[in-house]
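**Q** Curious how this folds, go ahead:
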Amino acid sequence: MKSYLKEYQDCSVEEIARRYIEGTPEVAVIPVHPDRTNPVITGMDTSDKSVNEGEVTFDILYRALVPHTNERIGLIINIEAQKNYYPGYPIVKRGIYYGARLLSAQNERDFADSQYGKIKKVYSIWICTNPPVKKRNTVTAYEIHPRPIVGHAIEPVSHYDLISVIIVCLGGPGTENYNGTQRMLDVLLSDVKSAAEKAEILQNDYGIQMTQSMKKEAAKMCNLSEAIEERGIQKESLRSIHAVMKNAHLSCHQAMDLLEIPESDQSKYLELPQQSQ
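**A** Sure, this is the predicted structure:
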């Protein structure tokens, strides 16, 4: 938040954690159906499903307060981990789609009827662990900016600055800009460093005191790296299954047999959404 979100650049990390993050971040636990009226709840919805499309799951979702304001203006922040930078569509388009979902989902939860002034800004942050070489260790924000066409009559920034998509591309040692938050994220999401190695780097290089609880969190990050890899493999396999079903007019089981997917693994593909993301 301090490194990439302009609202927090003048705050310390400790101040952000203590004063501005609301509640506990939600991790894929609450479903929401945009084709029906959203329930009025205080928690964040981390799963977004439409009647006409497959389920979309938000990896991490939470609210935060904006510093230096006289009212409780909130942000909704979505963080996603993406291993494959070219999954068949531009990641930035998916980020905009996620952000748009989070904006519209505020209807009947944060505002009702025509109270559009209560809409909260949305951040969709994508951390890419394996970007192409030319994009390594780069961070790019895609935002709304005014462009006067005739005359000059621009609204206050708070009226239109409602969505920002940030693409964070990691890079690994020996590449330009491999420092600060870029390096810390690369260490956390590394699939080659052990939990003990990660804990040592965080404590020695970033001054993060590794309590027993923090060590457990570092171990979870090792598991997350493996989960990201597994999720990418599953999505590619699911696309292949759907392609064979469509082109060869086979059932799902027949397609999996043709692709030589072990019978012990076939059940998990039947449980995945039938439209790959």
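
**Q** Report the residue spans of the stretch 101-250 of the chain with pLDDT below the cut-off.
**A** 192, 217-235 (pLDDT under 70).

**Q** quick one: the strands in it?
**A** 121-128, 138-143, 163-169 (DSSP state E, counting those that start in this stretch).

**Q** Columns distance to residue 99 on top of the ones you listed, output as TSV?
**A** C-betas here are computed from N, CA, C, even on glycine. Converted to TSV, those look like this (distance: least, C-beta to C-beta, whole Å):
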stretch	distance to residue 99
strand 121-128	4
strand 138-143	9
strand 163-169	4
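
**Q** in which helix or strand would I find the most centrally placed residue in the chain?
**A** Closest to where the C-alpha atoms of the chain average out (C-alpha atoms, centre = their mean) is residue 80, at 2.0 Å. Element membership of residue 80 [criterion: DSSP states H and E] is strand 74-82.

**Q** strands paired with that strand, and their directions?
**A** Within its sheet, and counting by DSSP bridges, strand 74-82 is paired with strand 60-65 (antiparallel), strand 121-128 (parallel).

**Q** re earlier: now tabulate the strands of the stretch 101-250 of the chain in CSV and tack on mean neighbour count.
**A** Formatted as CSV, the strands of the stretch 101-250 of the chain follow (neighbours: other C-beta atoms under 10 Å):
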stretch, mean neighbour count
strand 121-128, 23
strand 138-143, 14
strand 163-169, 22
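
**Q** which ones are touching the residue nearest to the centre of the chain?
**A** 58, 59, 60, 95, 98, 124, 125, 126, 127 (C-beta atoms under 8 Å, 6 or more residues apart in numbering).

**Q** Repeat the analysis, applying 6 Å as the threshold.
**A** When contacts are counted by C-beta atoms under 6 Å, 6 or more residues apart in numbering, residue 80 touches 59, 126.

**Q** Tell me how far it lies from residue 210.
**A** 26 Å (C-beta to C-beta, to the nearest Å).

**Q** Likewise for residue 155?
**A** Taking C-beta to C-beta, one finds residue 155 at 47 Å from residue 210.

**Q** Show me which of the two is the more surrounded one.
**A** residue 210 (16 against 9; other C-beta atoms under 10 Å).

**Q** The more buried one reaches residue 199, doesn't it?
**A** Yes: if you go by C-beta atoms under 6 Å, residue 210 and residue 199 touch, sitting 4.6 Å apart.

**Q** of the strands paired with strand 74-82, which approaches residue 19 most closely?
**A** In terms of C-beta to C-beta, the element of the strands paired with strand 74-82 nearest to residue 19 is strand 60-65, at 7.4 Å.

**Q** Thanks a lot, see you next time.
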